[in-house]
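Novice: Turn this into a structure:
(2 chains)
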Amino acid sequence: DAGVIQSPRHEVTEMGQEVTLRCKPISGHNSLFWYRQTMMRGLELLIYFNNNVPIDDSGMPEDRFSAKMPNASFSTLKIQPSEPRDSAVYFCASSQRETSGSDTQYFGPGTRLLVL
Amino acid sequence: AQSVTQLGSHVSVSEGALVLLRCNYSSSVPPYLFWYVQYPNQGLQLLLKYTSAATLVKGINGFEAEFKKSETSFHLTKPSAHMSDAAEYFCAVRPRRGYSTLTFGKGTMLLVSP
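Specialist: Below is the predicted model:
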């Protein structure tokens, strides 16, 4: 399996521009997670989907952030308008949710975003 | 709410020395516990997880962790450090009751010197 695929790997943009990050989860997985990692705040969960439905978006910073999962093999995280404080590494992860809760999350390589 | 504490943001060892990275959780009911590793400019990779079978869990790359309920701990160890072990290590928890997302610790950077 190719693992979780994220694109782009690096993104440099100017403040005010729209940014779209993309994720392809591992085939067969039914849960998808978006995380943000910064030096100051560590690893933060932004939103998580189960069977393409958003379950918990309490970590989304503000209305400038939105996420969609139109089908089981694709998700986007959009920032509009972007601000310098959004600069971070954004990770997508997927898992096959188990009723026991012991499932493993598999992470993509991340998108390194720099907003100037 | 579940929380996890990793003692020490940085740990330095010499090559060949014992590696010990500490993780403590706060929960009255033992949660599921995970250790992840992040190499520079990469995503997180699962090292091992505790789901309630054996209390000593063996993972990849020679790492293991022991679940100790009395100490609410799940420390990660490796008998002999390699230069390639230099990375950031994250402990994470998930409660057993209901379904919830992972809660990650702040991470510990392992530095290995020759």
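Novice: Pull the contacting residues for the closest residue to B:Tyr32 other than its chain neighbours.
Specialist: Distance criterion CB to CB, 6 or more residues apart in numbering or on different chains; nearest residue to B:Tyr32, sequence neighbours excluded, is B:Arg94 at 4.6 Å. C-beta: built from backbone N, CA, C; applies to glycine. Shown in contact with B:Arg94 (CB atoms under 8 Å, 6 or more residues apart in numbering or on different chains): A:101-102, B:2, B:31-32, B:34, B:100-103.
Novice: which non-adjacent residue is nearest the residue in chain B that chain A sits nearest to?
Specialist: Among all residues of chain B, B:Gly43 sits closest to chain A, at 3.5 Å; criterion: CB to the nearest CB. Distances taken as CB to CB, 6+ apart put A:Phe107 closest to B:Gly43, at 3.5 Å, once the chain neighbours are dropped.
Novice: isn't that neighbour right next to B:Leu44, touching?
Specialist: Yes. Taking CB atoms under 8 Å as the definition, A:Phe107 is a contact partner of B:Leu44 at 4.3 Å.
Novice: Settle it for me: which of the two has more neighbours?
Specialist: Neighbours were counted for A:Phe107 and for B:Leu44 using other CB atoms under 10 Å in any protein chain shown; B:Leu44 has more, 26 against 22.
Novice: mind checking pLDDT for the most centrally placed residue in chain B?
Specialist: For chain B, B:Trp35 is the residue whose C-alpha lies nearest the centre (CA atoms, centre = their mean; 3.7 Å). Per-residue confidence (pLDDT) for B:Trp35: 97.
Novice: For it, I want the exact helix or strand it lies within.
Specialist: strand B:32-38 (DSSP states H and E).
Novice: center of chain A, which residue is that?
Specialist: A:Trp34 (2.8 Å).
Novice: Show me what it is bridged to.
Specialist: A:Ile47, A:Cys92 (DSSP bridges).
Novice: quick one: it and A:Gln105, what's the gap?
Specialist: Noted for A:Trp34: a distance of 12 Å to A:Gln105, by CB to CB, to the nearest Å.
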